[in-house]
Each structure stands twice: as structure tokens, then as C-alpha cells.
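>>> just to be clear, the model below is a prediction. Sequence and coordinates:
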Amino acid sequence: MVDYYVLADEDWDISDIQSIISNNLKLKLSKDVAQKISNNRAYLEKTISSSSAAIYGINTGFGSLCDIRISEENLEELQLNLIRSHACGMGDLVPLEVVKIIFLLKIKNLCLGFSGVRLSLIEKMIEYFNHEIYPVIYTLGSLGASGDLAPLAHLSLTLIGEGDVWFGGEKLPTAQILKKLNISPTNLESKEGLALLNGTQFCTAYGVFNLLSAFRIIDWANAISAFSLSAFDCSIKPFDPLLHKVRRQSGQINVSQRILSLLRGVKSFGETSQYVQDPYSFRCIPQVHGASLDLINFFSNTIHQEINAVTDNPTVFDQEDKILSGGNFHAQPIALGLDILALALAELANISERRIFHLISGKRDLPPFLTPNAGLNSGLMIAQYTAAGIVSQNKQLCTPASVDSIVSCNGQEDHVSMGANAATKCYQVVLNTFRVLGIELLAANQALYFKAVLFDKGGLNNLLEKTRDTIPYFDSDIILYPHLDSAFQLLKNNTFSDYEK
């Protein structure tokens, strides 16, 4: 039985997107949305036929060519030329996990009924999506203003039977797959090429993926740091609710409560500790993790608004009898948000690496580099180097893209967001943060073999057992990189809540 997600006239949240993708749901339009799209298109066609006025991108050129009028008989060719000329992507391929979100968000954007496209165009996009035909898109080419032009041009190429697609896990020519499935490409009529290319779906899709990852990362960071706190004989006093109540920061309060709830099930971990104070990377977990959580929640609001927003240009208001050319394609809110998210995640990796450093330092009854015969064995010495190198790269990636702008299109587009660069570098920070936390998980797991720490049944104990299934204790040097990758994959492909059940 095929499971469908009905595209109705209602807002999405990131959980809706996650559900569609992870459950491999098919799409179909509600009658109300289909009617809204048809009415909007009918109004645009009536306006074009009854008015001699210049309407940007419909009967004019694009960008700085906006003052050049295009004759009626050339309007369809104008849209085709737009897509072909703008497909200038280069660099790495956008990961398929992000491509699916880009395609889904483009469909959602057009279904809002303000873009003036035909119903048949959206139905063709849904047909592709339901057959799991996904466009091949490149990471480089968008300035994050005027829409994500180059990436979305590559998406649009596939709809006219050109370019390449992902199908069955392979990158293949679109025409070959359409012939195999007996699917006809679409033609494009007035305004449709521009509606496809304008929009922030490239930046926003990366934002959705990065945000979904960020919520998993913060939960992993809290859980793994609870292991490290246990292994390093830390005091529980810095997590007392009174401390965090008077600081008044909601993320900090949330994290301190979370850590306390995790540590309640740890025997031999309580009020007493022989150490007067713990290093900041342990003692200040609520303050640092909490600050990142606050920024993750801030970006969540930005993303929620953007996935439900009309971001192409011009915008067709059939109920108000207006066609307005503006700048909703400008990705500044997403660019700033992605830069902030990258900083928030990088800090979680920063403090994680410091905990790794302390765990292997030979202090608090732990052997140097967490190996019982240090000298003959190097243990986790170089795993910390790897974490340090990744953290350093994150710092370089956190140089904000959103403060940059390069004039384009003969000066017509004189301020751009560089949101696409913010998106792709934040994606790299996401992966890097999973990697560093994976190294901390490996280090804490090894350290706990040297301590008489017992965990009650539940999340931490379940995670510890799962970790030890794949990352064994070693009393002499072993090849570590497969285990580092196992820890990375465990965190990237799961949530901590999976282990709390």
C-alpha cells in the first residue's frame, strides 16, 4: 500500500519534511491547493493577454536586462533560455539527502499559489518526486540572492528532460530515465522558468538538514558529556538548579536539567568529589551547551518561516489584483541564521575536544592516553590530534559568509547574501561536530573501563552497551580509524532518544 502525504494549504514544520523523506512518502495535491494554483495561473494569463505593461521576467529580460521587452511569441523560449543559461553549477555534488529536501521545498513553495505557474508543472514535479527521480545539483553557483539561481536551474533542467538525475542510486541522464519510465518532460510557459529558479530552496534545504542534525547533536553532546563527567570523577554541584535559575538563560537551564536527569542513573556519582573544581569544559557544560541550544532554537524559527514562505519573484496576488516585483528571493535571513548555527555547533565541538584532552591527560586515576602501558602504546594520543584538527577547521569554516557581498548582473544585483556558501560550510561543520563527538564517545568509553562506574538501565547504559558492541576496549594499540568512523556513523544516523526507549 502506498502512503501519501497530502499537500494541503497549511504550514509545514521540519518534522513534516523529515517524515516525508524518512518514510519515503509519496505526494499528492489536495483539491483546495490545486484550485488555488489554477486560479492564480488563470489570473496571470488574463493579465498578460489584456495588458501591454511590462511585467518583470514574464515579458522582459532578467536581471539587468529587465528593460528589454520580449514579444509574446518568444515567451516560452525566454523561459527555456533562462534555465539553460543559468545552469552554471560547479564543484561537488549536493548530497542526495539534501537534494530531496530542495526538491520537496520547491514543490511546497509553488503550491502556495502565488507564483503564477500551471497546475500541470507542479503535477510533473510531484510525478518525478513520487518516482524518486531527483535532480543532480552542484554546490557552487548561488549567491543567495535573486534566488538560488544556478542550483535551481539544474533542478529545472530535469523537468524539461535535460541535465542529470539521481535514480536508483545512480547519476544518469534525465532523458534516459524518462524514456525508461515512459514519462514525458514538461514544456515551460510564461513565468514558469523564473518561478522555478527564483527562491531560497537551496539555502533553506541545507538549513533544514543542518537544523535537524543540530537537534540531534545537542542531545548527543549532553549524553556523551555525561559519560565524560562520570569517567573524570567530576562534581555534580555545578549542575544544581539554583545556579542556573539565577543566570536566567533558558538553554542553560534546559541543559543542566538534562545532565542531572542523565546522571541520576549513575551509581558512585554524587555530591562528593575529592576535587575542589573541575575544568571549565566539564563544569561549564550547561553554560556552553545551553548557549548553543538557544541559537539552535532561534534558527528553528527562521527556518519554520522560510519553508512556508513565498520566495520567488514577481509574486502574483490574484485576490488583490496585483503582480508585485520585490526581493523575497534574498536569502539574508537564512544566511545569517546558518552562520549563527555554524558557530553554535562549532562550540559544541570545541568544548568536546577539551574534554577529550583531559580524559587522555593521565589525571584522576586514568592512564595517559587511556592505555594501560603508555610508552609502548600510544593509545588515543592521535585521536585527540584528529579532534583538534577538525575543531581548527570548524573555526575556519565559521568565518561568516553573510557579511560578504559581490556585485553581480552589471550592478543590478548589488547586494547578495552569500547564503549558499553559509549553507554548505555549515553542513561541513555539522559533519565535523558529529566526528568530534564520536571521538569523545570513544574516549569516554575507553576511560570508563578504568572506573567503577555503574549505569542504571536506561539511555546511558543502553548507549554504553551499543558502543561496546562496535568499539571494544583495547589494552594495546589497535588500528583506530575504523572505530572512529563507527562512532561517527552511530551519531550521524541515530538519535540518543533511540537508546532511551
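Perfect, I can see it now. All figures in this text were calculated on a predicted structure; none of them were measured in a lab. Residues are numbered from 1 along each chain as shown.

>>> apart from its neighbours in sequence, what residue is nearest Gly141?
Ala150 (2.8 Å; CB to CB, 6 or more residues apart in numbering). From N, CA and C alone the C-beta is placed, and that goes for glycine too.

>>> what's near enough to touch Ala255?
Small correction: residue 255 is Val, not Ala. Asn222, Ile285, Pro286, His289, Gly290, Leu293 (CB atoms under 8 Å, 6 or more residues apart in numbering).

>>> wait, the second one sits on Leu348?
No. With the criterion set as CB atoms under 8 Å, Ile285 and Leu348 do not qualify as a contacting pair; they are 10.1 Å apart.

>>> coming back round to it: out of the contacts of Val255, flag the one nearest to Val266.
Val266 lies nearest to Asn222 out of the contacts of Val255, by CB to CB, at 13.7 Å.

>>> so how far is Asn461 from that closest one?
16 Å (CB to CB, to the nearest Å).

>>> between those two, which has more neighbouring residues?
Asn222 (23 against 15; other CB atoms under 10 Å).

>>> dihedrals phi and psi, the more buried one?
Phi and psi for Asn222, reported as degrees, to the nearest 10, are phi -70, psi -50.

>>> low-confidence stretches in the stretch 201-350 of the chain?
267-272 (pLDDT under 70).

>>> same check on the chain?
In the predicted model of the chain, residues 1, 56-57, 61-68, 70, 72, 267-272 satisfy pLDDT under 70.

>>> domain ranges for it, per the record?
The chain resolves into domains spanning 4-199, 206-311+337-499 when parsed by automatic domain parsing.

>>> nearest to Lys322, of these?
domain 4-199 (9.7 Å).

>>> kindly check the end-to-end length of that closest one for me.
One end of domain 4-199 sits 26 Å from the other (CA to CA, to the nearest Å).

>>> ok so, going back, of the contacts of Val255, which pair is most distant in space?
Ile285 and Leu293 (11.3 Å).

>>> just to revisit the earlier point, elements contacting the strand or helix carrying the residue nearest to Gly141?
Secondary structure assignment for Ala150, by DSSP states H and E: helix 149-159. If contacts are counted by 3 or more CB pairs under 8 Å, 6 or more residues apart in numbering; DSSP states H and E, helix 149-159 sits against helix 75-86, helix 96-111, helix 119-130, strand 134-135, strand 138-140, helix 192-197, helix 201-231.

>>> ok, the very next helix or strand once past that helix: who's next to it in the sheet?
Scanning forward in sequence from helix 149-159 by DSSP H and E, the next helix or strand is strand 164-167. Strand 164-167 pairs in its sheet with strand 134-135 (antiparallel), strand 170-173 (antiparallel), by DSSP bridges.

>>> output the ones you listed as a markdown table; include the columns distance to Asn421.
Formatted as a markdown table, these follow (distance: least, CB to CB, whole Å):
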| stretch | distance to Asn421 |
| --- | --- |
| strand 134-135 | 20 |
| strand 170-173 | 24 |
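
>>> mind checking which helix or strand the closest residue to Arg435 other than its chain neighbours is in?
Spatially, and ignoring its direct neighbours in sequence, Arg435 is nearest to Phe488 (5.1 Å; CB to CB, 6+ apart). Assessed by DSSP H and E, Phe488 sits inside helix 481-492.

>>> now that helix against helix 201-231, angle please.
110 degrees (axes from the mean of the first three to the mean of the last three CA atoms, to 10 degrees).

>>> can I get helix 481-492 in PDB? Just the C-alpha atoms.
What follows is helix 481-492, C-alpha atoms only, in PDB (Å, rounded to 0.1, in the frame of the first residue of the first chain):
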ATOM      1  CA  TYR A 481      40.300   4.800  12.200                       C
ATOM      2  CA  PRO A 482      37.500   2.200  11.600                       C
ATOM      3  CA  HIS A 483      36.300   2.700  15.200                       C
ATOM      4  CA  LEU A 484      36.400   6.500  14.800                       C
ATOM      5  CA  ASP A 485      34.200   6.100  11.700                       C
ATOM      6  CA  SER A 486      31.900   3.700  13.600                       C
ATOM      7  CA  ALA A 487      31.400   6.300  16.300                       C
ATOM      8  CA  PHE A 488      30.700   9.000  13.700                       C
ATOM      9  CA  GLN A 489      28.200   6.800  11.800                       C
ATOM     10  CA  LEU A 490      26.400   5.900  15.100                       C
ATOM     11  CA  LEU A 491      25.900   9.500  15.900                       C
ATOM     12  CA  LYS A 492      25.100  10.800  12.400                       C
END
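
>>> which non-adjacent residue is nearest Ile14?
Ile14 sits nearest to Val208 (CB to CB, 6+ apart), 5.5 Å away.

>>> doesn't Ile102 make contact with the one you found?
No. When contacts are counted by CB under 8 Å, Val208 is not listed as touching Ile102 (9.4 Å).

>>> tell me which element Glu353 falls in.
helix 332-359.
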